[in-house]
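# let me see the structure of the following:
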Amino acid sequence: MLRLILFTVVLSSLPCGLWAAGSPGGGTDPHARSHTYLGVAVAAVDGERSAQLKLNPGEGVWITWVEQDSPAARAGLKWNDVLLKYNDEAIGDTELLGRLVQAAPPGQKVRLTVLRDGKILKLTATLQARKHPPSLPPETMIPFDFSVPRFFMPDMPTPALRWRSSVLGVEYEVIESQLAGYFGVKQGLLIQFVQPGSPAQRAGIQAGDVIVGLADKSVTSARDVTRGLRAEQMSAKPIPIQVVRNHKKQVINVRLADTGSIVPEPQHEEPPQP
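Prediction:
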């Protein structure tokens, strides 16, 4: 009988191959990105376990491993906990958890609601930027049993599309649906990274902001950003950009740099894992 045990790993929010970004002349880029992580491996809660724990189908994710000396470990998360909520967002999807962790800036405190031994616990974790590769536990491998000698296959991440605006100095992801709802918007552009010293950074735009408008037009795609910047690039006036931060809309006036391409550059990355 075919037996498939699938562990969806949410371990570090750093895509493969980007532990350090090398500069063209050698060494390490001082502005190289470091990605936020929580430090856990998680799996979906199957029907049998949901029934035992008296959970609704699709409610919670099962903590299968906690990285030593990680934000999760310091917050008190333990193996076999079931994570029910991240801040006030119900968690039943391992991919959603990974994207929420990745979207948060290092140093942000998050509220975790967990089920342990039949009791609901409230924990607080302070997310951090990962500075070294995680040591993957054996449980993050997928065993397949076809009544032949067992072999193991690592979990395979799915690609994500990220855009970079050289003029603004930001990297962003187009969001909609469930992830957009978490940030209090229907759709928009989630800022993943703000380049130090860029026009966006000088104006006060932060990682975790969601751009929903540029000048007097709504923004829902990378094309909207390109068109909006092209239309405003000849103006000496700052460009009003509407962002949503902590579920509140505000306008940030950004003065563009004199140089830089206004064409977004697609950044294909593997989705990070918490």
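# drop to CA atoms for contacts and neighbour counts, all remaining ones
Will do.
# list the buried residues in the helix or strand hosting residue 101.
Residue 101 is located in helix 94-103, with elements delineated by DSSP states H and E. By 16 or more other CA atoms under 10 Å, the buried positions in helix 94-103 come out as 94, 95, 97, 98, 99, 100, 101, 102, 103.
# try stretch 232-251
Neighbour-count burial for stretch 232-251 [16+ other CA under 10 Å]: 233, 239, 240, 241, 242, 243, 244, 245, 249.
# can you give me the distance of residue 65 to residue 72?
10 Å (CA to CA, to the nearest Å).
# shared neighbours, those two?
residue 40 (CA atoms under 8 Å, 6 or more residues apart in numbering).
# all helices of the protein, in order?
Counting by DSSP state H, the chain has helices at residues 47-53, 71-75, 94-103, 177-182, 199-203, 222-232.
# is residue 198 in contact with residue 204, as I believe?
No - assessed by CA atoms under 8 Å, residue 198 is found out of contact with residue 204, at 10.0 Å.
# more neighbours, these two?
Per other CA atoms under 10 Å, whichever of residue 198 and residue 204 has more neighbours is residue 198, with 19 against 12.
# angles on the backbone of the more buried one, please.
phi -80, psi 170 (degrees, to the nearest 10).
# and the residue nearest to it when sequence neighbours are not counted, what does it touch?
Distances taken as CA to CA, 6 or more residues apart in numbering place residue 169 nearest to residue 198, at 5.0 Å, with adjacent residues excluded. If a contact means CA under 8 Å, 6+ apart, then residue 169 has 194, 195, 198, 199, 200, 201 as its contacts.
# okay if I get those residues as TSV plus distance to residue 120 and pLDDT?
Formatted as TSV, the contacts of residue 169 follow (distance: CA to CA, whole Å; pLDDT from 0 to 100):
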residue	distance to residue 120	pLDDT
194	37	91
195	40	90
198	44	91
199	45	92
200	41	92
201	40	92
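# between those, which is closest to residue 48?
Using CA to CA, residue 194 comes nearest to residue 48 of these, at 43.9 Å.
# what segments of the stretch 1-150 of the chain are strands?
3-4, 36-37, 40-44, 61-66, 82-86, 89-90, 109-116, 119-126, 128-129, 141-145 (DSSP state E, counting those that start in this stretch).
# average pLDDT across the last one?
Looking back up the chat, that one is strand 141-145. Per-residue pLDDT values across strand 141-145 average out to 40.
# check the fifth one too.
When pLDDT is averaged along strand 82-86, the result is 92.
# could you tell me the end-to-end distance of stretch 218-238?
Termini of stretch 218-238 sit 17 Å apart (CA to CA).
# ugh, wrong one, I meant stretch 106-120
End-to-end distance for stretch 106-120: 26 Å, by CA to CA.
# do stretch 112-132 as well
End-to-end span of stretch 112-132 (CA to CA): 24 Å.
# check which residues of it are buried.
Result for stretch 112-132 [16+ other CA under 10 Å]: buried residues 112-116, 121, 123-130.
# where does confidence bottom out across the residues you listed?
Where pLDDT dips furthest among the buried residues of stretch 112-132: residue 130, at 82.
# shouldn't that residue be in contact with residue 36?
Yes - with contact defined as CA under 8 Å, residue 130 counts as touching residue 36 (6.2 Å).
# what's the domain layout of the protein?
3-154, 160-269 (automatic domain parsing).
# ranking those by mean pLDDT, which is last?
domain 3-154 (a mean of 71).
# before we move on, the earlier item: distance to residue 42 added to the buried residues of stretch 112-132, as CSV?
Shown next, in CSV, are the buried residues of stretch 112-132 (distance: CA to CA, whole Å):
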residue, distance to residue 42
112, 14
113, 15
114, 13
115, 14
116, 15
121, 18
123, 17
124, 18
125, 16
126, 18
127, 17
128, 18
129, 19
130, 18
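# tell me the one of the residues you listed nearest residue 57?
Nearest member of the buried residues of stretch 112-132 to residue 57, counting by CA to CA, is residue 115, at 15.0 Å.
# any figure for the gap between the closest one and residue 63?
Counting by CA to CA, the separation of residue 115 from residue 63 is 10 Å.
# what residues are shared contacts of these two?
Common neighbours of residue 115 and residue 63, using CA under 8 Å, 6+ apart, are 81, 82, 83.
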